[in-house]
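**Q** here is the input, now give the coordinates:
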Amino acid sequence: MAIVTAPLLSFSATGTISNAITYSRRGGHDVVLKKPAHHTKASAKQSVQRGRFAKGTRFFFDRITNPTEYSGWKRVGTYKHGSETGHNACLSSVTRALVASSNASMAISATWTVGNELEWTMENLTSQDAGDEAGDFRIYVGDKPNAMTYLETKQIIGGKITTSDLGTEADYRYYVIVKDGVFRSGIFDVTE
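**A** Just a heads-up that it's a prediction; the model follows:
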C-alpha cells in the first residue's frame, strides 16, 4: 500500500499502487517503476536449450549412481574444464551431445572385465534405454587425466562399448570416451 506524503502521484510517495506502479527511493533519488504488462516469453531455441539442461541434470543425479563414474566426471571438471564440478562437466557434455544427436548415448558405468578389457555401459539420454547411438566413439588413454592420447575407435554393441584386450597390467591409468569432441563418459581410473 502506498504512503502518500504529498499530492497523489508525488515523487516523494513510497510503496506500490495496484500492483503495477512502485514508488521508491534508490541511491538517494526518488524513482517510479512500472511493472511490464507481460513477461518475456522464452523463444523456441531457449526452450530447447532449457530442455537439454533439464535432461542433463536428470541424467547426472538420477543415472550416475556408480561412484567410479561420479569420480570420473569430477576428474573431467577438474582436469579438462579447470575448476568445474562434476555436475557442471557432465551437464556441459550432455547439452553438447544433445545438439549433435537428439538421443545421444552416455556412459553410466565402467567396469574392468575378466578378459582384461574396460567396458562402459551406455544409455540413451532421452529414452533411458540401452545405448544404441550409431557412429564412432574414440577412446583416449593416459597416465595423467590432463594428458591423454587416442587409443582406438569403437561402436556401441548391445548397449556397451568395450576396449580391446589391455593385458593383465593396463599400460595406462586413465580412460575416457569421446564422440564428436564431447566427453561421453567421465575419466575412468583403473586403480579405483
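
**Q** which residues touch S101?
**A** Counting by C-beta atoms under 8 Å, 6 or more residues apart in numbering, S101 touches E133. For the C-beta atoms, the positions are set from N, CA and C on the backbone; glycine is no exception.

**Q** tell me the contacts of the nearest residue to G158 once chain neighbours are set aside?
**A** In space, G158 comes closest to A130 once its chain neighbours are excluded; the distance is 7.2 Å by C-beta to C-beta, 6 or more residues apart in numbering. A130 makes contact with 122-124, 158-159 under the criterion C-beta under 8 Å, 6+ apart.

**Q** contacts for stretch 107-122, please.
**A** 63-66, 68-69, 72, 105-106, 123, 130-131, 133, 156, 159-168, 170, 175, 177, 184-186, 188, 190.

**Q** what ranges does the protein have for its helices?
**A** 44-58, 67-75, 86-100 (DSSP state H).

**Q** ok and the last one relative to helix 67-75, angle-wise?
**A** What it means is helix 86-100. 90 degrees (axes from the mean of the first three to the mean of the last three C-alpha atoms, to 10 degrees).

**Q** other SSEs contacting helix 86-100?
**A** helix 44-58, helix 67-75, strand 105-112, strand 182-183 (3 or more C-beta pairs under 8 Å, 6 or more residues apart in numbering; DSSP states H and E).

**Q** what's the answer for the shortest one, then?
**A** Using 3+ C-beta pairs under 8 Å, 6+ apart, the elements in contact with helix 67-75 are helix 86-100, strand 105-112, strand 188-189.

**Q** can you list the buried residues in that helix?
**A** 68-69, 72-75 (16 or more other C-beta atoms under 10 Å).

**Q** got a list of what the residue nearest in space to the middle of the chain touches?
**A** The chain has L91 as the residue nearest its centroid, 0.2 Å off, counting by C-alpha atoms, centre = their mean. Taking C-beta under 8 Å, 6+ apart, we find L91 in contact with 53, 56-57, 60.

**Q** per-residue pLDDT, it?
**A** L91 carries a pLDDT value of 91.

**Q** that one and L125, how far apart?
**A** 12 Å (C-beta to C-beta, to the nearest Å).

**Q** cool, I21 as well?
**A** Taking C-beta to C-beta, one finds I21 at 46 Å from L125.

**Q** out of the two, which sits in the busier spot?
**A** Shown here are I21 and L125; by other C-beta atoms under 10 Å, L125 has more neighbours (22 against 15).

**Q** correct me, but that one touches A100?
**A** No - counting by C-beta atoms under 8 Å, L125 stays clear of A100, with 11.2 Å between them.

**Q** in the sheet, who's paired with the residue nearest to G158?
**A** On the basis of DSSP bridges, A130 takes part in beta bridges with E123.

**Q** same question, R138
**A** The partner residues for R138, given DSSP bridges, come to T153, V178.

**Q** and what of the one 4 residues further on?
**A** With beta bridges defined as DSSP bridges, G142 has these partners: Y174.
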